[in-house]
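A.B. asks: Okay, predicted coordinates and the sequence, questions at the end:
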Amino acid sequence: MGMQEQLNNLERGTGRIEGKVDGILSHLEKINGRLGTHGERLDKLDNEMTAIKTKATIFGGAAGTFVMVAWQFLKERIKL
């Protein structure tokens, strides 16, 4: 095998490696895009959960207060 043939084989091998690396980088870009999308969805979900927790706390407090007022009213009406 001559020197030129070895260089040609080396160039072909290097080209294949470069092609595979390019393919891997392209795939990683797609994965990063998907991860970014999932991260945005999780952030939105987290914000929605915070709003739901706040509303539940407010409504729970209001319901508890209503029950206590109603209980006191009933106690006074039936003299418990």
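C.D. replies: Looks like it arrived, so ask away.
A.B. asks: For this structure, which segments are assigned as helices?
C.D. replies: Assigned by DSSP state H, the chain shows helices spanning 3-78.
A.B. asks: Where does pLDDT dip in it?
C.D. replies: For the chain, applying pLDDT under 70 flags the ranges 80.
A.B. asks: Dead centre of it: give me the residue that sits there.
C.D. replies: residue 42 (2.9 Å; Cα atoms, centre = their mean).
A.B. asks: what's the neighbour count on residue 47?
C.D. replies: Using other Cβ atoms under 10 Å, residue 47 has 10 neighbouring residues. Glycine gets a C-beta too; all of them are placed from N, C-alpha and C.
A.B. asks: likewise residue 50?
C.D. replies: 10.
A.B. asks: Residue 2 too?
C.D. replies: 7.
A.B. asks: Need the phi and psi values for it.
C.D. replies: phi -80, psi 170 (degrees, to the nearest 10).
A.B. asks: residues in contact with it?
C.D. replies: Residue 2 makes contact with no residue, according to Cβ atoms under 8 Å, 6 or more residues apart in numbering.
A.B. asks: And it, how far from residue 9?
C.D. replies: 11 Å (Cβ to Cβ, to the nearest Å).
A.B. asks: State the distance from the residue nearest to the centre of the chain to residue 67.
C.D. replies: Applying Cβ to Cβ to residue 42 and residue 67 gives a distance of 36 Å.
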